[in-house]
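Asker: build me a model from this:
(2 chains)
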Amino acid sequence: MVEAFPIAFLFFAGAALLALLPKGALRAGVLLLVPLVALYLIWNLPEGNLFSAQLLNVELELMRVDRLSRIFAIIFCIAAFLANLYALHVKDTVQQVAALAYSGSAIGAVFAGDLIALFLFWEGTAITSVFLIWARRTEGALATGMRYLIIQVSSGVMLLAGTVLIWQESGSFTFEAMTLGSLGTWLLLLSFGVKAAFPLMGNWLSDAYPAATVTGTVILSAFTTKLAIYALARGFPGTELLIYVGAVMTLLPTLYAVLENDLRRVLAYSLNIQLGFMIVGVGIGTELSLNGTVAHAFAGILYKALLFMGVGAVLFRTGTAKASDLGGLHRTMPLTMIFIAIGGMSIAAFPWFSGFISKSLILSAASHDGYYIIWAVLLLASAVTLHHSGLKILHNVFFGRDSGLRPKEAPVQMLLAMGITAALCIALGIFPSMLYELLPFDVDYAPYTLTHIVTQFQLLAFALLSYVVLVKTGLYPTMTRNVYLDTDWSYRRMAPAIIGYAALMIGRIWTGITRFALRQLTDVATGLYKTHGPEGRIARVWPTGSMVLWVAVLLAAALLVNFL
Amino acid sequence: MSDQQQTEPAAPDAASDGVHHSPHSGREDTSGTPALGRVFTALSAPKAAKTLFYALVVLCVGLFLADFFYKKYTYVAVENIPGFYALYGFIITAGLVLLAKIWGNWVRRPEDYYAPNDVDAEAFPQDELDEEHQNG
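Answerer: Just a heads-up that it's a prediction; the model follows:
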């Protein structure tokens, strides 16, 4: 009797079952029950390596349960449940199957005990998730999905290459904490970095997430990037380089989050910023900071999902998520507005909201360990998050200019999903021990000190004031129907342009060379023809007898060869 | 936040696609609006918004002064400057937004810049949506 089985298989079985079931209540049941059953099972699993399988002479560890993997699996189950609840109206089989298979792959990857199993599930998340983008079924979504898939799969290829190199060195596939040094470990770091949206590598995130369906974006926002955070926390804790990478990540996307018109893209940039916080935590590598990373991933999945749900509901009712086209929706979508406000307050780390109790672990770890500049950068990113992820959305969608749109309130299943997520965001903020007890290390940290509460309110109140002042004075960038070039320009415009130019030049040079050579050859041929041709001067002196002579010579040669 | 709020209902042509405009020409019919929505509408009226703004200013001044009345436990030297978090929060966010604004002038492109290989200039497919409007 097997005591445990890979939880991922439960999701895959559910996904297979979905395709067979008729659309309707039965499918909805599977979509909601699978994550809940998985959550129950994961909660009660003992620790240890619980399940291994044989694949081509390699022993795969499919169920490594410890505190780090368990908490990620738990939040993945919760996120899958909430996203499926939010998407209950969707009748598209492709999206339903993709959602379950994708969340299952992510959970499988988190429980993977070795690099081969990690690679299999890693690619699984790439291949299943792209269908959530393609499900939009437009030309633009097809192209965007293809870009997304190429980048995700190449992350997997680097993971496989790194795995092979590490196996050559150490003869082992185990996935444990590593020190950066050999080519293999660098490849692994790059592979994780692509998925975690490192600076210059992470533009796929803000490119692809806004292109998914209304519900697809909510599902996408939870898994891929947090899986990469898990892999970094498992593989590279205390790698100092990551502190600086993370700090840059909290700053650069901020510019775009402030500028962007498409609010789902604003949220994608803001997600990138939150990942920066988590990566700083991994880089510092103390128990406090790693706890902070995990806690922030947990809280971040919830408030980010809530924000994507809220903006998604607006998109669902109005057909657009662009700030320039919206405004004045507080009249008819007040509940959605409240939920977005709760998400905004959570991500901006208002006291008694979830972001406060998770982000402060990382900020404290930075200041306690003497990374003062990093601390100042994180504080800055934290303050400006209130601007783009909270106020900008509330202002442009709800208050602000009246667009004349009077959409109906979001449908029941969306309100329910947003309500539960919002309740969780507040519950975590008020009862931080709920989350702290699940963290990989024992927590000795009190988020609610008088100093911390007062200073945080000062930071946020003055950030709010600066927003109001900037908007009133007209200094805040106005939302117009524009796109803003980011690093993806390099492979979407620059590289094709360079290749196109190079192809044109090479073509021209080749034509020139061949034309020149052809002319030379023609000249030689006509010259020879002139002298040696039937009408040529040399032809005049050819005696008829010379042919007979040559035939005789050839025959003699053939005879000789025959005798030898 | 609600400085541009109009008291009158939206002009009929405010919706760019021309589908959602209100058929009424006088005061907007809010009978279909949820009660909560009417509360928010009242709060965002110009007068109330002004009051809220002054309330925010008072709150900010109060929070700034609070620094003089309790013992701060700090790890970083700059934290001991009275009102550090307040000043930092204001100046740095405003600075970053202005930086973004300047940066935006460099990288701004029309919406169809990447078309047709991008979704930005596409309409969202209707079968994914459930558009319902109170006044539609």
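Asker: quick one: buried residues of stretch B:57-69?
Answerer: B:60, B:63-64, B:66-67 (16 or more other CB atoms under 10 Å in any protein chain shown). From N, CA and C alone the C-beta is placed, and that goes for glycine too.
Asker: stretch A:60-69 too?
Answerer: By neighbour count on 16+ other CB under 10 Å, the buried set for stretch A:60-69 is A:60-65, A:68-69.
Asker: in chain B, which ranges drop under the pLDDT threshold?
Answerer: Scanning chain B with the threshold set as pLDDT under 70 gives B:1-31, B:135-136.
Asker: helices of that one, start to end?
Answerer: Ranges of helices in chain B, per DSSP state H, are B:35-43, B:46-66, B:84-107.
Asker: the last one and chain A, any residue contact?
Answerer: Yes: applying CB under 8 Å from any CB of the partner chain, one finds that helix B:84-107 is in contact with chain A at B:84-94, B:96-101, B:103-104, B:107.
Asker: domain parsing for chain B?
Answerer: Chain B breaks down by automatic domain parsing into domains covering B:1-57, B:67-123.
Asker: quick one, which of the helices of chain B is nearest to A:Ile279?
Answerer: Among the helices of chain B, the nearest to A:Ile279 by CB to CB is helix B:84-107 (19.9 Å).
Asker: which residues are in contact with that closest one?
Answerer: Contact with helix B:84-107 is made by A:254-256, A:258-259, A:376, A:379-380, A:383-384, A:386-387, A:455-456, A:458-463, A:465-467, A:469-470, A:475-477, A:484-486, B:60, B:63-64, B:67, B:78-79, B:81, as judged by CB atoms under 8 Å, 6 or more residues apart in numbering or on different chains.
Asker: in strands, which of those fall?
Answerer: A:Tyr484 (DSSP state E).
Asker: flag every buried residue along stretch B:65-81.
Answerer: Residues of stretch B:65-81 classed as buried: B:66-67, B:72, B:76, B:79 (neighbour count, 16+ other CB under 10 Å).
Asker: list only buried entries from the contacts of helix B:84-107.
Answerer: Burial by neighbour count, 16+ other CB under 10 Å: within the contacts of helix B:84-107 this picks out A:254-256, A:258-259, A:376, A:379-380, A:383-384, A:386-387, A:455-456, A:458-463, A:465-467, A:470, A:476-477, A:484-486, B:60, B:63-64, B:67, B:79.
Asker: now do the contacts for the residue of chain B positioned farthest from its centre.
Answerer: In terms of distance from the mean C-alpha position of chain B, B:Lys71 ranks first, at 35.2 Å (CA atoms, centre = their mean). Going by CB under 8 Å, 6+ apart, B:Lys71 touches A:Thr451.
Asker: likewise A:Ala208?
Answerer: By CB under 8 Å, 6+ apart, the contact set of A:Ala208 is A:133, A:144-145, A:147-148, A:220.
Asker: would you confirm that A:Val248 contacts A:Ala197?
Answerer: No: here A:Val248 does not reach A:Ala197: they are 11.6 Å apart, not a contact under CB atoms under 8 Å.
Asker: the two: who's more crowded?
Answerer: Each of A:Val248 and A:Ala197 has its neighbours counted (other CB atoms under 10 Å in any protein chain shown); A:Ala197 has more, 26 against 17.
Asker: can you classify that one as helix, strand or coil?
Answerer: Under DSSP: H, G, I helix; E, B strand; the rest coil, A:Ala197 falls in the coil class.
Asker: which residue packs closest to it, ignoring adjacent ones?
Answerer: A:Leu205 (4.6 Å; CB to CB, 6 or more residues apart in numbering or on different chains).
Asker: so A:Leu438 belongs to a helix, correct?
Answerer: No: secondary structure of A:Leu438 (three-state DSSP): coil, not part of a helix.
Asker: what about it, how many neighbours?
Answerer: 17.
Asker: single out the most deeply packed of the domains of chain B.
Answerer: domain B:67-123 (a mean of 16; mean count of other CB atoms under 10 Å in any protein chain shown).
Asker: so how far is that domain from its chain's centroid?
Answerer: Centre-to-centre, domain B:67-123 and its host chain are 15 Å apart (CA atoms, centre = their mean, to the nearest Å).
Asker: distance of A:Met309 from chain B?
Answerer: A:Met309 sits 15 Å away from chain B, going by CB to the nearest CB, to the nearest Å.
Asker: next one: the helix or strand where that residue lies to chain centre, how far?
Answerer: Assigned by DSSP states H and E, A:Met309 falls within helix A:287-318. The chain centroid and the centroid of helix A:287-318 are separated by 14 Å under CA atoms, centre = their mean.
Asker: equivalent analysis for stretch A:47-55, please.
Answerer: Using CA atoms, centre = their mean, the offset of stretch A:47-55 from its chain centre is 28 Å.
Asker: so which bits of that stretch are buried?
Answerer: A:50-51.
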